[in-house]
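> Pasting a predicted model and its sequence here:
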Amino acid sequence: MLHHLWEKRTALLARSLNYTPKQLQRRLVDWLSYPYSYPQLDPVLQCLMAYQYQQGYRGLLKPDLIQSRQNFQRSMAELIYKPTTLPFVQNLQLQLHSGSLTARHYHPMPNKPCPMIVFYHGGGFMLGDLNTHDEACRVVGKHSHCQILSIDYPLVPDVSAQHLIAVCEAAWCWVWQNQHQFNIMKNAIAIAGDSAGGNISTVISQRLARQKIAPVAQLLIYPAVDFKSRYPSFFKYKEGLLLTESDIDSVTEHYVLQNHLSLDDPLVSPIYGEFKQLAPAFIVTAGHDVLHDEGEHYAQLLHHAGVKVKYKNYQHQAHGFINLTSVSAQAKKDLVDIGQTFYKFLKTVI
């Protein structure tokens, strides 16, 4: 027991910030000499951002990619004290033409047919795995009343962007073709992802639009949709938060340029893609996020193209907040709201 508490001391200390008076939270931010002013940001996240800045954090991606991946995996593991309980969580292997791919299946009501969400995690196409987004999948599954199948797709630069998308699309097709293995409401299969995973979900939705196997709905959480343009939110929030300017530059280099793709290629920038007959989309943005404006703009474009859209901005949140629900009560409340809102949205389209 004591060993477990020591291993989870980071999560416990961070969780205690939720019960700290706001005046003390502000004093802590000042004491840590945090050089950025984001007064509307969740106070707990302000403290966490100030602490990580004081510890030398300047972005997710470093020149040593292996170390960056390990740091991300370790930091996510340290933040989880007690995972959200679901009655069924199990890893499985998807047998694709390109080889075997691991996925994790979450079912909130194993004896009841319910929709399936195929989920692609964030991490700049270069970081992340099933474990880094395990808690987020548990929360969304529980409160959306949907099954989740989280896909452990290959990362760049280990594979090309083209191969990454091909594998993710093949995983989607596998789920559709094998839906009899799951207790799914007939053809009620939605697609979802956060950040880079939101990009993947958007690209796959466009590629499969007007086909029988197209998603019934999209859940896009602060998606990256435009590598070509820089919006006002990029310049406003490019430093001092979880996702930084240097991260965007690294992802652009490794995901787009090194794969000889143009910045406006719909394979990487779906905002320049085809919107005709796209699946209904619930699009989420965080107010303090370099990607905020492009996500909002994409929602507007879909709406003008006649696509059913639900758009919601969580102004007091930063990019990555769905990974911080174990330490921020506000982040947990907001992710629960995302799950519940998607449940209501999905009911209108299936």
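Right, received. Where do you want to start?
> And the residue nearest the centre of this protein?
D194 (2.0 Å; C-alpha atoms, centre = their mean).
> beta partners of it?
I221 (DSSP bridges).
> Contacts only, for it.
121-122, 133, 136, 221-223, 322 (C-beta atoms under 8 Å, 6 or more residues apart in numbering). Using the backbone N, CA and C atoms, a C-beta is placed for each residue, glycine as well.
> By mean pLDDT, point me to the weakest helix or strand of the protein.
helix 2-7 (a mean of 38; mean pLDDT, DSSP states H and E).
> Could you pull out the buried residues of the top helix by length along the chain?
Criterion DSSP state H: the longest helix present in the chain is helix 329-347. Within helix 329-347, the residues that qualify as buried by neighbour count (16 or more other C-beta atoms under 10 Å) are 330-332, 334-336, 338-339, 341-343, 345-346.
> And the helices in the stretch 1-150 of the chain?
2-7, 9-16, 22-31, 43-54, 65-79, 134-144 (DSSP state H, counting those that start in this stretch).
> Select, out of those, the one closest to Q258.
Among the helices of the stretch 1-150 of the chain, helix 65-79 comes nearest to Q258, with 12.5 Å by C-beta to C-beta.
> Check the offset of the closest one from the chain's centre.
From the chain centre to the centre of helix 65-79 is a distance of 16 Å (C-alpha atoms, centre = their mean, to the nearest Å).
> a markdown table for the buried residues of helix 329-347, including pLDDT?
Below are the buried residues of helix 329-347 laid out as a markdown table (pLDDT from 0 to 100):
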| residue | pLDDT |
| --- | --- |
| Q330 | 96 |
| A331 | 97 |
| K332 | 97 |
| D334 | 98 |
| L335 | 98 |
| V336 | 98 |
| I338 | 98 |
| G339 | 98 |
| T341 | 98 |
| F342 | 98 |
| Y343 | 98 |
| F345 | 98 |
| L346 | 97 |
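> out of those residues, which one sits closest to H292?
Using C-beta to C-beta, the buried residues of helix 329-347 come closest to H292 at D334, 14.5 Å.
> Could you check what's spatially nearest to that closest one, not counting adjacent residues?
Excluding its sequence neighbours, the residue lying closest to D334 (C-beta to C-beta, 6 or more residues apart in numbering) is Y314, at 5.0 Å.
> how about the one you found, secondary structure?
strand (DSSP: H, G, I helix; E, B strand; the rest coil).
> Counting neighbours, what do you get for it?
Residues lying near Y314 (other C-beta atoms under 10 Å) number 25.
> does the residue lying closest to L241 once chain neighbours are set aside have beta-bridge partners, and which?
What sits nearest to L241 in space, not counting adjacent residues and going by C-beta to C-beta, 6+ apart, is A318, at 4.9 Å. According to DSSP bridges, the residues that bridge with A318 are H288.
> got any ranges where the protein has weak pLDDT?
By pLDDT under 70, the weakly predicted segments of the chain are 1-12.
> Can you show me the strands along it?
88-96, 99-107, 114-120, 147-151, 184-194, 218-221, 281-288, 309-318 (DSSP state E).
> Format those as TSV; extra columns: distance to P21.
Formatted as TSV, those follow (distance: least, C-beta to C-beta, whole Å):
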stretch	distance to P21
strand 88-96	37
strand 99-107	36
strand 114-120	37
strand 147-151	37
strand 184-194	31
strand 218-221	31
strand 281-288	22
strand 309-318	18
